[in-house]
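Asks: Here is a sequence together with a model predicted from it:
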Amino acid sequence: MAAPTKLAQLNDLLNKAELHGVAIIRRMAEPDTFAANFDNFRSYIDEIDKFYVLVDLVEDQLPLFEPARRGKLTHNLVNLRWQVCIVEVNATRIFILRIGEQGRSMPFGSRDFLVRRRDRLSDIAGFHDRFGEAHTLPKIGTELVETVRRLLDNAIGKSNSLPDLLAEAMQQSSQDLVAAAQPRLRAPSEFGGVTQKRKPVKFKVKIVY
């Protein structure tokens with residue numbers, strides 16, 4: 001059996017994870033707090049990622065609990081994680097739709113972040129495949145997932161990643177250097193409008209008688 005101090009710390013971590021998850025779910029009721037702009041949405045996703053990390057830490061230490069409680073906690077954590085996964089998908093849909101309705105574009109450097117959002121759809125589907133039946137998890141509608149995927153594909157197509165921007169900048173810089181290195185003939189007007197004429201060279205010939 002684990003030491004009382006260790007169990008107390010684990011219980012605190014478990015409570016922290018549960019409160020964090022509940023706060024994320026409740027925030028979905030106020031889309032203005034996470035879907036108003038890109039920074040707000042990214043911050044919301046960061047909070048979701050922190051929740052997943054907390055749950056991972058708790059699950060790694062669940063063997064410290066008695067078998068009966070361990071099984072119940074595992075079930076509760078799987079269900080809480082799944083609720084946050086559903087929030088993640090819906091929050092992505094709401095954010096992209098709002099940005100589109102406002103006629104705003106994604107900021108530079110957002111492409112990599114959006115690609116990760118798209119990859120998460122497969123991760124979430126995989127999680128349900130692993131735990132859905134055992135823990136009676138509700139499914140996310142296929143139509144919803146495909147809609148979010150199309151929205152993300154469209155947003156990704158209109159954004160640039162940081163490596164893309166750096167590559168473009170390097171290419172432009174190289175073109176500028178090549179252009180600067182090319183010799184250029186200057187017109188007479190570039191010399192103040194005065195055309196200098198070269199004087200003919202006189203050859204002195206000495207005649208010897």
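Replies: Looks like it arrived, so ask away.

Asks: Every contact and neighbour count from this point should use C-alpha atoms.
Replies: Will do.

Asks: which stretches of the protein aren't confidently modelled?
Replies: Within the chain, the stretches with pLDDT under 70 are 1-2, 160-209.

Asks: Just want the most central residue of it.
Replies: Phe113 (1.1 Å; Cα atoms, centre = their mean).

Asks: Determine the three-state secondary structure at the spatially closest residue to Pro63 that is not a sequence neighbour.
Replies: Excluding the flanking residues, the one nearest Pro63 by Cα to Cα, 6 or more residues apart in numbering is Arg70, at 6.8 Å. Under the three-state scheme (DSSP: H, G, I helix; E, B strand; the rest coil), Arg70 adopts helix.

Asks: My understanding was that Arg70 contacts Leu62; is that so?
Replies: Yes - under the criterion of Cα atoms under 8 Å, Arg70 makes contact with Leu62 at 5.9 Å.

Asks: Please enumerate the helices of this protein.
Replies: Taking DSSP state H, the helices of the chain run over residues 4-27, 38-60, 67-101, 111-131, 142-157, 162-181.

Asks: Could you pull out the buried residues of the third one?
Replies: Looking back up the chat, that one is helix 67-101. Within helix 67-101, the residues that count as buried by 16 or more other Cα atoms under 10 Å are 70, 73, 77-85, 87-96, 98-99.

Asks: ditto for the shortest one
Replies: Judged by neighbour count using 16+ other Cα under 10 Å, the buried positions of helix 142-157 are 145, 148-149, 151-152, 155-156.

Asks: contacting residues around that helix?
Replies: Helix 142-157 is contacted by residues 89, 92-93, 96-97, 106, 111, 114-115, 117-118, 121 when judged by Cα atoms under 8 Å, 6 or more residues apart in numbering.

Asks: Could you work out the most separated pair of those?
Replies: Pairwise distances across those peak at 19.9 Å for Met106 and Leu121 (criterion: Cα to Cα).

Asks: what about Leu10, neighbour count?
Replies: Neighbourhood size, Leu10 [other Cα atoms under 10 Å]: 19.

Asks: err, Leu114, not the other one
Replies: Residues near Leu114, counting by other Cα under 10 Å: 20.

Asks: now it: how far from Asn37?
Replies: As judged by Cα to Cα, to the nearest Å, Leu114 and Asn37 stand 14 Å apart.

Asks: before we move on, what about Asn154?
Replies: For Asn154 relative to Asn37 (Cα to Cα), the value is 17 Å.

Asks: same deal with Met28?
Replies: Going from Met28 to Asn37 by Cα to Cα gives 15 Å.

Asks: Disregarding flanking residues, what is the spatial nearest neighbour of Glu59?
Replies: What sits nearest to Glu59 in space, not counting adjacent residues and going by Cα to Cα, 6+ apart, is Thr74, at 7.2 Å.

Asks: Wait, Leu13 touches Val53, no?
Replies: No - between Leu13 and Val53 there is no contact under Cα under 8 Å: 11.1 Å.
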